[in-house]
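> Any chance you could fold what I've pasted below:
(chains A and B)
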Number of protein chains: 2
Amino acid sequence: MNSKLGLLEPLESVSMTDRVENILREYFTENAFKPGDALPNELEIAQKLNVSRNVVREALSRLRMLGMVEARPRRGMIMSQPDLLAGIEKVLNPFILSQSNQKDIFELRLILEMGIAEFLFARKTQKDLDELEQIVEKQKTLPVLSKEDEIEFHGKLYDMTGNETFQRFQSLLFPVFEHVFASMTNQKDNYVLVDPVSHADLFNILKDGTPEAFRKAMHKHLEVYYNTIKK
Amino acid sequence: MNSKLGLLEPLESVSMTDRVENILREYFTENAFKPGDALPNELEIAQKLNVSRNVVREALSRLRMLGMVEARPRRGMIMSQPDLLAGIEKVLNPFILSQSNQKDIFELRLILEMGIAEFLFARKTQKDLDELEQIVEKQKTLPVLSKEDEIEFHGKLYDMTGNETFQRFQSLLFPVFEHVFASMTNQKDNYVLVDPVSHADLFNILKDGTPEAFRKAMHKHLEVYYNTIKK
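Residues are numbered from 1 along each chain as shown, chains lettered A, B, ... in the order given. Coordinates of the predicted model:
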C-alpha cells in the first residue's frame, strides 16, 4: 500500500463499514433471522460482499455492541435479542449532546411523567401502595427533599407501571433532566417552597382517586418544570 | 499464532472490545471532551491500553456508529455530537426483539400519546391548526381510515410538540406498535366502528378546549388500545 492510499483509507473504511453494517441488518430482517439462528461467518460475508475481513469484523462488532448478534465460542456468531436501550444509554453524556437534544430529553421526561396515570391505576397492587406509603411517610419527616428522595418516589412510580423499558428509559433521562434544569435556574430552593402538591398528595390520589385527578395533581407537582415550556 | 490461541480469540476479542469501548467513553466524559475536540489516534490508544490496534479500531468503529466520534481525513478522529436515537433505530426489528420489549414499546407509545397535551396547547400556532384542519377535513370524506391516515394525523400532532426527539422516537415506535396490536387482535374493523372520539373531535378540542379535555378525548380515542393493558 503506498502512502497516498494510506491517507485515503480512513474515509473509505468509515463508509464501507456503515454500508456493510446496513446490508447485514437488512439481510437479517429480510430473511427473518430470529434469536439463536446461526449467521454466516466473517470470511463468508467478506467474500460474498467483496470487502475486507476487517470491515466485516468492525460491522459485526457494532451489531454485537447493540446486542443484536452474539459470538459463541466454537459455534460462531448467532442472532441475539438486542438490548433496546443500549445505544441511547451510551450517548447520554451532557458534554457532547446538542443543546437541542438535551432540551428534548428534559421535555420527554415531562411527557412520560404525565402519560403513566392509566398504567398506574390499571396495575397498582396493595404491595406497591404499601411500599409507596413507606417512602412518603419517611419523606414527610424531612425538611427538604433531595434529588435522591425525588428519584426514590418517582422511581417507585416508574416501577409500578409494569413496563421495564419505560422504567429504564425514564431513569436514563433523569441525570440529563437534572442537568438541564440546573442550567435553567439556580433557585433550587424555590422548587421545594412552592411545590403545591406533595408526594403524599400524589400517593393519596393514587390510592383512592382517579387517573384524571392524578394527572392534574402531577401537573401541579411538576409545575415549576412545566413553566419552562411556555413561550 | 497457534491454532489453540486462534480458537480462543473470538471470546477474548469480544470482551476486550467491550472494555476498550467503555474505557474510551469514560475517558471522554471524565475529561469533558466536547464536539470538535481532537482524540488521540488509534495507535496511541492501543499503546497506552496495551491492546491490539484491531481492538481499538473496532471500539472506535462502534462509537462512530453512535455518532459520538467522527473521522476527518488528514485530521484524525474528533469528538462529535451523537445521534441520540441511532442505536434504538437499528434494533427495532420485530423478528429479534423480545415479546416483552415489544409489549413495552406498544405501551410506551400510549404513554407518550397521553403525555403531550401540555406541549400541544403551549405551542400550537394558527399555521399548525390550519394544517391539522386540512388533514381532518380530508379524512372526514373517507369511509374508513388507513394506517397512513392515522400516521398523518398523529404525526402532525407529534410535529406540533416542537420536540424533534419525541417526534422521531414516536415515529420509530409506530411500526412495532402496529405489529403488536395486529398480533393481539384480528378485529381491525372494530377499531374504526367503535371509535367514540374522532380525529375531528380531537382537533376541535385542541383548537378551543383545554389540555385536560384533550387528554380525556385522546384516552377515548385510543380506548381499544388501552383496553389491552387492564389485567
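> Please state the backbone phi and psi of the residue lying closest to residue A:178 once chain neighbours are set aside?
Spatial nearest neighbour of residue A:178, excluding adjacent residues (CB to CB, 6 or more residues apart in numbering or on different chains): residue A:147 at 6.5 Å. Placement of C-beta: from N, CA and C, glycine included. Here is the backbone geometry of residue A:147 (degrees, to the nearest 10): phi -60, psi -40.
> how many neighbours does residue A:147 have?
11 (other CB atoms under 10 Å in any protein chain shown).
> Tell me the spacing between it and chain B.
From residue A:147 across to chain B, the span is 19 Å (CB to the nearest CB, to the nearest Å).
> cool, residue A:43 as well?
13 Å.
> So that residue lies in a helix, does it not?
Yes - using DSSP: H, G, I helix; E, B strand; the rest coil, the assignment for residue A:43 is a helix.
> pretty sure it contacts residue A:53?
Yes - if you go by CB atoms under 8 Å, residue A:43 and residue A:53 touch, sitting 6.5 Å apart.
> Could you pull out the helices in chain A for me?
Using DSSP state H, the helices found in chain A span residues A:3-30, A:42-49, A:53-65, A:86-91, A:99-115, A:117-123, A:126-140, A:147-160, A:164-184, A:188-194, A:199-208, A:211-221, A:223-226.
> Let me have these in TSV, extended by distance to residue B:184.
Shown next, in TSV, are the helices of chain A (distance: least, CB to CB, whole Å):
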stretch	distance to residue B:184
helix A:3-30	22
helix A:42-49	37
helix A:53-65	30
helix A:86-91	27
helix A:99-115	20
helix A:117-123	16
helix A:126-140	25
helix A:147-160	23
helix A:164-184	18
helix A:188-194	42
helix A:199-208	27
helix A:211-221	22
helix A:223-226	34
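> Which of those helices sits closest to residue B:115?
helix A:99-115 (3.2 Å; CB to CB).
> and that closest one, how far from the chain's centre?
The chain centre lies 11 Å from the centre of helix A:99-115; the measure is CA atoms, centre = their mean, to the nearest Å.
> For it, report the contacting residues that lie outside it.
A:92, A:94, A:97, A:154, A:166, A:169-170, A:173-174, A:176-177, A:179-181, A:215, A:218-219, A:222, A:225-226, A:228-229, B:81, B:84, B:110-119, B:161, B:163-166, B:169 (CB atoms under 8 Å, 6 or more residues apart in numbering or on different chains).
> how about the CA coordinates for it, as CSV?
Included here for helix A:99-115 are C-alpha records, laid out as CSV according to Å, rounded to 0.1, in the frame of the first residue of the first chain:
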residue,chain,number,x,y,z
GLN,A,99,-28.4,21.7,23.5
SER,A,100,-31.5,20.9,21.5
ASN,A,101,-31.2,17.2,22.3
GLN,A,102,-30.9,18.0,25.9
LYS,A,103,-33.9,20.2,25.9
ASP,A,104,-35.8,17.4,24.1
ILE,A,105,-34.8,15.0,26.8
PHE,A,106,-35.9,17.4,29.5
GLU,A,107,-39.3,17.6,27.9
LEU,A,108,-39.5,13.9,27.2
ARG,A,109,-39.3,13.2,30.9
LEU,A,110,-42.3,15.5,31.5
ILE,A,111,-44.3,13.9,28.7
LEU,A,112,-43.7,10.5,30.1
GLU,A,113,-44.4,11.5,33.7
MET,A,114,-47.9,12.8,32.6
GLY,A,115,-48.6,9.8,30.4
